[in-house]
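K.L.:
Please find the sequence and the predicted model below.
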Amino acid sequence: MLNKKTMKDIDVKGKRVFVRVDFNVPMEDGSITDETRIRAAIPTIKYLVEQGAKVILASHLGRPKGEVKEDMRLTAVGVRLAELIGKPVTKLDESIGEAVEAAVAKMQDGDIVLLENVRFHAGEEKNDPTLAEQFARLADVYVNDAFGAAHRAHSSTEGIAKHIPAVAGFLMEKELDVLGKALSDPERPFTAIIGGAKVKDKIGVIESLLEKVDHLIIGGGLSYTFLKAQGYDIGQSLLEEDKIELAKSFIQKAKEKGVQLHLPIDAVVANEFSKDAETQVVDAEAIPADWMGLDIGPKTAAKYGEVIKNSKLIIWNGPMGVFEMDKFANGTKTVADAMAATAGYTVIGGGDSAAAVEKFGVADKMDHISTGGGASLELMEGKELPGILALNDK
Ligand SMILES: Nc1ncnc2c1ncn2[C@@H]1O[C@H](COP(=O)(O)OP(=O)(O)O)[C@@H](O)[C@H]1O
Ligand SMILES: O=C(OP(=O)(O)O)[C@H](O)COP(=O)(O)O
């Protein structure tokens, strides 16, 4: 379905291949806490090595804002990659310049070099054409396998593709294939679950999902704006004041389109945002003034679980509550368990939902866990991703 060239459409033997990967992994005190994104890039790297390419890997890590930040170097990632792939990985301390060019000139077929964090250069996020040329000079071919960063038009994700032949890697292909298939010809009932705290980021996706789904489940921090739109008092819960009208219009639009919009009917409320807070379960229309909703309640969770079990395709983005704290984890856990138990096809849209299914030990029961949070959301919104648009057409 992808109308872009992939690695199979070109000859890479003996070629220098610049591979943009998304090694933006969570780190704590210099250690990688989740290596999913490294593992996900391995099929592409292995293939290129087997084909006798010279593999030059590039990635960002965190948001260093154009400066060298010691804690955002890719050194630990290089070490872990070498272990996972069972081959030496030469990690460089720069991503452009003479030393990098010299190191690349010495590469043998099948060698792997990992460049330093490309965001140490301010030009990267500005999509600076000069930086893009400096990247392009290192290689004969460009492979974009960084699905998680495909919604960014940066020098190493977009600009470089203007200079050398540019194709998609296997992870990019797989993500687009799975998400594209799910969205273009969805099995029904098709259910989307949207939660989390980034109300502003997710309002857009809710609007476009109303055009596609049979059931739309809302939970997490953003559900309180909807409860407010229904005229309920929400106490101290998270509220996006200037989105109340929009939420009202979505409730109306769902009715017109025949979409079943599921909003919380009860909530776990707390007297403060803390793991030690006092809690109680209340009906959604009875949140006390000084309390805040930090999880969906048990009646809501059971109802959401039923919808999930009866769906053929379920896409989940964003937790149902503050699942990092045990007292507010039940809603997210119930949804995760229902996702694990359903016979429907389950897709997790990156970020915190992926962390949640890991935490509750059901990650291996999901059909697809996307490596991109923002990228999968933009894809669901029907937006074209610049990192993909820039690749050569078939
Ligand atoms: N009711 C709530 N009030 C405040 N924060 C919440 C609530 N429910 C969930 N959250 C928080 O939302 C965060 C995830 O939101 P977001 O970044 O939008 O999700 P994702 O990373 O899956 O896209 C989690 O850290 C969680 O603690
Ligand atoms: O982690 C990422 O995004 P995600 O958290 O939305 O999945 C990507 O690596 C993109 O990173 P960015 O949002 O700093 O551009």
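P.N.:
In hand now; what should we look at? Ligands and ions are numbered 1, 2, ... in the order given.
K.L.:
can I assume Ile42 is in contact with Gly86?
P.N.:
No: applying Cβ atoms under 8 Å as the test, Ile42 and Gly86 come out as separate, 10.2 Å apart. For glycine as for every other residue, the C-beta is placed from the backbone atoms N, C-alpha and C.
K.L.:
Compare neighbour counts for these two and give me the winner.
P.N.:
Comparing Ile42 with Gly86 by other Cβ atoms under 10 Å, the one with more neighbours is Ile42, at 15 against 7.
K.L.:
Can you say which helix or strand has the more buried one in it?
P.N.:
For Ile42, the enclosing helix or strand under DSSP states H and E is helix 36-50.
K.L.:
next helix or strand past the strand or helix carrying Gly305?
P.N.:
Using DSSP H and E, Gly305 maps to helix 298-309. Beyond helix 298-309 on the C-terminal side, the first helix or strand identified by DSSP H and E is strand 313-317.
K.L.:
Do any residues in the following helix or strand past that following strand lie close to ligand 1?
P.N.:
Heading C-terminal from strand 313-317, the first helix or strand you meet, by DSSP H and E, is helix 330-341. No: in terms of Cβ under 6 Å from any ligand atom, no part of helix 330-341 sits within range of ligand 1; the closest distance is 8.0 Å.
K.L.:
Mind giving me the packing neighbours of helix 330-341?
P.N.:
strand 292-296, helix 298-309, strand 313-317, strand 345-348, helix 351-359 (3 or more Cβ pairs under 8 Å, 6 or more residues apart in numbering; DSSP states H and E).
K.L.:
Now do the same for it: mean pLDDT, whole number.
P.N.:
Mean pLDDT, helix 330-341: 98.
K.L.:
what's it in contact with?
P.N.:
193, 195, 219, 268, 295-298, 300-302, 304-306, 308-309, 314, 316, 319-321, 323, 346, 348, 356-357, 360, 362, 365-366 (Cβ atoms under 8 Å, 6 or more residues apart in numbering).
K.L.:
List the buried residues of it.
P.N.:
Neighbour-count burial for helix 330-341, counted by 16 or more other Cβ atoms under 10 Å, picks out 330-340.
K.L.:
and the stretch 251-394 of the chain, which of its residues are near ligand 2?
P.N.:
350-351, 372-374.
K.L.:
rerun at 8 Å
P.N.:
By the rule Cβ under 8 Å from any ligand atom, the part of the stretch 251-394 of the chain lying against ligand 2 is 350-351, 371-377.
K.L.:
From Phe18, how far out is the residue sitting furthest away from the middle of the chain?
P.N.:
The centre of the chain is farthest from one residue, Lys106, which by Cα atoms, centre = their mean lies 35.6 Å away. Here the criterion is Cβ to Cβ, to the nearest Å. By it, Lys106 lies 16 Å from Phe18.
K.L.:
ok, the residue of the stretch 151-300 of the chain found nearest ligand 1 - how many residues close by?
P.N.:
At 2.5 Å from ligand 1, Gly196 is the closest residue in the stretch 151-300 of the chain, using Cβ to the nearest ligand atom. Around Gly196 there are 22 other residues, counting by other Cβ under 10 Å.
K.L.:
so it, which of the three states?
P.N.:
coil (DSSP: H, G, I helix; E, B strand; the rest coil).
K.L.:
Who are the packing partners of the helix holding Ile42?
P.N.:
Judged by 3+ Cβ pairs under 8 Å, 6+ apart, helix 36-50 is in contact with strand 16-20, strand 54-58, helix 75-85, helix 170-184.
K.L.:
Select, out of the ones you listed, the one closest to Ala390.
P.N.:
strand 16-20 (10.6 Å; Cβ to Cβ).
K.L.:
neighbouring strands for that closest one, and are they parallel or not?
P.N.:
strand 54-58 (parallel), strand 141-144 (parallel) (DSSP bridges).
K.L.:
Redo these as a markdown table? Include mean neighbour count, mean pLDDT and distance to Lys91.
P.N.:
Listed next are those as a markdown table, based on neighbours: other Cβ atoms under 10 Å; pLDDT from 0 to 100; distance: least, Cβ to Cβ, whole Å:
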| stretch | mean neighbour count | mean pLDDT | distance to Lys91 |
| --- | --- | --- | --- |
| strand 54-58 | 28 | 98 | 9 |
| strand 141-144 | 27 | 98 | 19 |
